[in-house]
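Colleague: Quick one, what's the 3D model for this:
(2 chains)
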Protein chains: 2
Amino acid sequence: MKKINGGVAAPLGFKASGLYCGIKKSKRKDLALIVSERLCDAAGTFTTNQVQASCVVVNKDHLRDGKAQAIIANSGNANCMTGESGFENTRSMALAISRILGLRKKNVLVASTGVIGKPLPIKKILTAVPQLVNDLDRKGSEAAAQAILTTDRMPKEIAMEFLVGRRKVRVGAIAKGAGMIHPEMELHAPKHATMLCFVTTDAMLTPSALRDALDRAVQKTFNTITIDGDMSTNDMVVVLANGMAQNKKIVEKTKDFRQFTHVLETMFLSLAKQMIRDAEGATKFVEVFVKNAASREDARRVSKSVARSSLVKCALFGEDPNWGRIAAAAGYSGAHVDPWKMTLHLGKEPVLRNGGRVKQNANALNRVFAQKNIKITVDLGLGKSSATAYTCDLSTNYVRINSAYRT
Amino acid sequence: MKKINGGVAAPLGFKASGLYCGIKKSKRKDLALIVSERLCDAAGTFTTNQVQASCVVVNKDHLRDGKAQAIIANSGNANCMTGESGFENTRSMALAISRILGLRKKNVLVASTGVIGKPLPIKKILTAVPQLVNDLDRKGSEAAAQAILTTDRMPKEIAMEFLVGRRKVRVGAIAKGAGMIHPEMELHAPKHATMLCFVTTDAMLTPSALRDALDRAVQKTFNTITIDGDMSTNDMVVVLANGMAQNKKIVEKTKDFRQFTHVLETMFLSLAKQMIRDAEGATKFVEVFVKNAASREDARRVSKSVARSSLVKCALFGEDPNWGRIAAAAGYSGAHVDPWKMTLHLGKEPVLRNGGRVKQNANALNRVFAQKNIKITVDLGLGKSSATAYTCDLSTNYVRINSAYRT
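Modeller: Numbers count the residues shown, from 1 in each chain, chains lettered A, B, ... in the order given. Below you'll find the predicted structure:
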């Protein structure tokens, strides 16, 4: 497999566009469209938050037949907790696209991200739809990637190409996410963060292979990141597969399936890491690797607990190698932890062994924490399972950004 | 019942002291002692963190017979994750007090709070013990209250007097807690935060009544607060009852028992609120009241989830009534939540009803969030259970304090 250009419009038969329709005060792009020229097999994973934006509820309904052909997304307004009219607005967005493109309404998916509880300025969106469709282009991925951003500084897109048999197959994706990031998504079911990711592919797969690959890749990637521990009402990853590469159909439990899943994982991990690097106020990229846990669930719990800890994240921001906070966060994770068997490393420097600190080289530790990329390794010494979580530091800037988000 | 002066030394037969022994760089008091002239019935609740400081482990052992007579506590060092020598140091502290006072070692309890993973300067402590004992005084509570503080700005003490039959009975307490506060304590078992609370009483109770009253009062008070969501390795609330009031022995399921429990709850709630008001960087005192939940556990989960949310707390700091974040935090709490049945009030202003926002008086909302004390009411509309959590905002100052705690 190799990286290619073109983002979501790299796979055969896909176009994209993005423009400013009037939602954002900043006048940055706020409306995006992705369209396939053929009807696609489609699958989605959605937030497990019990408070869900209307787009999440509507998409789950639209995806019941496993088909879709277009995605319209706006930023600057989450259209969540906006009552019945919020649902009507989501359906209006789908309807407008379906009419102008001659599709069935239920084959259009909708996504929104931004402030919760404010009425969506639907007229501005509907007025912009003709221009949005007119702008559809094979080179439109970057504009679409920009149009889904909120507090993100950088657009996030990626595309890859690989062989299935002798056929070239392509996968493209765009994503956003900078705050309210603690995704735990399930197939057609809810978990937490506003992160959005739209994936396109010209590969041919069975519907169950598509769903299965998506679920596996999301669990291993997006669901391992946390920025602030707050699960969004709007998270979603949706994938459209139009089959135009005409490869031999990919089915589960084959080498091709494993390869397709691996490509998704690679792309999602890249996007997830981009989200962390671009997180609100972040100055550090942090990998929490937990190994030798009694179970995979325990490893996951410890990694997420350490990655979510405000005190650990403040210490990272302050470049203060206060590793006791890491041990404490492991201890309250709910996983089985034995302090006498736990070992901790900051970078390659050991700090904790046999229930007590290892004689430390203070300069070496300070050097580790002065870096932009920091790896924390927690060896629980209790079994053979491992897991990784990705996070960032908690900075004064994060607080500043989020204390004046709405105003 | 009425408030009286004297803190932990207000009940008959108790004395206290506090001094600077050399642990804190700030040269503030860092060593405290509380002693009863008679052997006491004693009970304790401890952190449920699986990584526990040696004082927690040792105290649970010392409390197995339900007896104690003295508490020695240091601040500036948590003596946690300090290996075998950490345990030896904890035992040395108990031993030094037991020798000089002629007590059995297991009747001395020990508490430590401060940085994790740094060797305790035990020599400084042992050298100061004779002076500490010499300073014991009926007026020593405030010095002891000061000596257990870490980043707290204000000492926290309280005492009350009430009648059991015709006998006057007194209860006194001192406490600390400013960061790493998310206590979930259990009787002789672990939960999260460094908060310490030492309680004295001259009441006569059966050992089981003492334990039961303590557990009920802690669950309803200290376990409802969160400052940063980080559970400490050192949390404890311990109570010593010397019976010197010679009241009719209090047994469970009586009016006197209910009154004693009510006094503890009143005192603990006052101390818990003092902790929130004195929380690291806090500018707001916030009460999250959840009502009409399907179960008490659901009410508790929603209240703690909202109180822990970094985004809600940033909005509070910024005085930005971004109530969508409250709804989102309720939704990911794990409790049963139906967005169409939920109602939200900020202060007395309704903001959410029937799945959508209530037409808002922006000025009134801004006025609510401009206050120092803010009440958030979440009505889940699903049952009859309620719960309250107390928290503060997340400020740039919190991050500043915790990014340079160790250095």
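
Colleague: Between the two ends of stretch A:292-299, what distance do you get?
Modeller: End-to-end distance for stretch A:292-299, by Cα to Cα, to the nearest Å: 8 Å.

Colleague: And the average pLDDT for it is what?
Modeller: Stretch A:292-299 shows a mean pLDDT of 96.

Colleague: quick one: buried residues of it?
Modeller: A:Asn292, A:Ala293, A:Ala294, A:Asp298, A:Ala299 (16 or more other Cβ atoms under 10 Å in any protein chain shown). (Glycine included, C-beta is placed from N, CA and C.)

Colleague: Tell me how far the last one lies from chain B.
Modeller: It stands for A:Ala299. Remark: distance between A:Ala299 and chain B (Cβ to the nearest Cβ, to the nearest Å) = 15 Å.

Colleague: looking at this, that residue is in a strand?
Modeller: No: with DSSP: H, G, I helix; E, B strand; the rest coil as the criterion, A:Ala299 is assigned helix and is not in a strand.

Colleague: Show me which residues of the stretch 51-200 of chain A are close to chain B?
Modeller: The stretch 51-200 of chain A comes close to chain B at residues A:51-52, A:78, A:80-86, A:115-119, A:179-180, A:182, A:191-192, as judged by Cβ under 8 Å from any Cβ of the partner chain.

Colleague: Residue of the stretch 151-300 of chain A nearest chain B, please.
Modeller: Nearest residue of the stretch 151-300 of chain A to chain B (Cβ to the nearest Cβ) works out as A:Met231 at 3.8 Å.

Colleague: what kind of secondary structure is that residue in?
Modeller: Three-state call for A:Met231 (three-state DSSP): coil.

Colleague: Let me see the backbone angles for it.
Modeller: phi -80, psi 130 (degrees, to the nearest 10).

Colleague: how many other residues sit next to it?
Modeller: Using other Cβ atoms under 10 Å in any protein chain shown, A:Met231 is surrounded by 30 other residues.

Colleague: my read: it touches A:Met195, true?
Modeller: No: A:Met231 lies out of contact with A:Met195 (Cβ atoms under 8 Å); the separation is 10.1 Å.

Colleague: Between these two, which contacts overlap?
Modeller: A:Pro183 (Cβ atoms under 8 Å, 6 or more residues apart in numbering or on different chains).

Colleague: Checking my notes, A:Lys375 in a helix, right?
Modeller: No: judged by three-state DSSP, A:Lys375 forms no part of a helix; its state is strand.

Colleague: who's in contact with it?
Modeller: A:Lys375 is in contact with A:Val286, A:Glu287, A:Phe289, A:His345, A:Leu346, A:Gly347, counting by Cβ under 8 Å, 6+ apart.

Colleague: Please identify which pair of these lies farthest apart.
Modeller: Largest separation among these by Cβ to Cβ: A:Val286 and A:His345, giving 13.4 Å.

Colleague: Look through chain A and tell me its longest helix.
Modeller: Longest helix of chain A, by residue count under DSSP state H: helix A:255-277.

Colleague: Touching, A:Leu394 and A:Ala307? I think so.
Modeller: No: if you go by Cβ under 8 Å, A:Leu394 and A:Ala307 don't touch, sitting 11.1 Å apart.

Colleague: Neighbour count: those two, which is higher?
Modeller: Higher neighbour count among A:Leu394 and A:Ala307: A:Leu394, with 34 against 27, using other Cβ under 10 Å.

Colleague: Let's verify the more buried one: helix, strand, or coil?
Modeller: coil.

Colleague: picking up where we left off before, continuing past the longest helix of chain A, what's the next helix or strand?
Modeller: Next in sequence after helix A:255-277, counting helices and strands by DSSP states H and E, comes strand A:285-293.

Colleague: Give the other helices and strands that that next one contacts.
Modeller: helix A:255-277, helix A:296-308, strand A:373-379, strand A:385-392 (3 or more Cβ pairs under 8 Å, 6 or more residues apart in numbering or on different chains; DSSP states H and E).

Colleague: Distance check, A:Val238 against A:Val8.
Modeller: 11 Å (Cβ to Cβ, to the nearest Å).

Colleague: of those two, who's got more company?
Modeller: Neighbour count, other Cβ under 10 Å: between A:Val238 and A:Val8, A:Val8 has more, with 30 against 24.

Colleague: I'd say that one and A:Glu142 touch.
Modeller: No: if you go by Cβ under 8 Å, A:Val8 and A:Glu142 don't touch, sitting 9.7 Å apart.

Colleague: Now the common contact residues for these two.
Modeller: Common neighbours of A:Val8 and A:Glu142 (Cβ under 8 Å, 6+ apart) are A:Glu157.

Colleague: Would you tell me what the next helix or strand after the helix or strand of chain A with the lowest mean pLDDT is?
Modeller: Ranked by mean pLDDT, DSSP states H and E, the weakest helix or strand in chain A is strand A:185-187, scoring a mean of 64. Heading C-terminal from strand A:185-187, the first helix or strand you meet, by DSSP H and E, is strand A:196-201.

Colleague: Give the buried residues for whichever helix or strand comes after that following strand.
Modeller: Next helix or strand after strand A:196-201 toward the C-terminus (DSSP H and E): helix A:207-220. Applying a neighbour-count criterion of 16+ other Cβ under 10 Å, one finds A:Ala209, A:Leu210, A:Arg211, A:Asp212, A:Ala213, A:Leu214, A:Asp215, A:Arg216, A:Ala217, A:Val218, A:Gln219, A:Lys220 buried in helix A:207-220.
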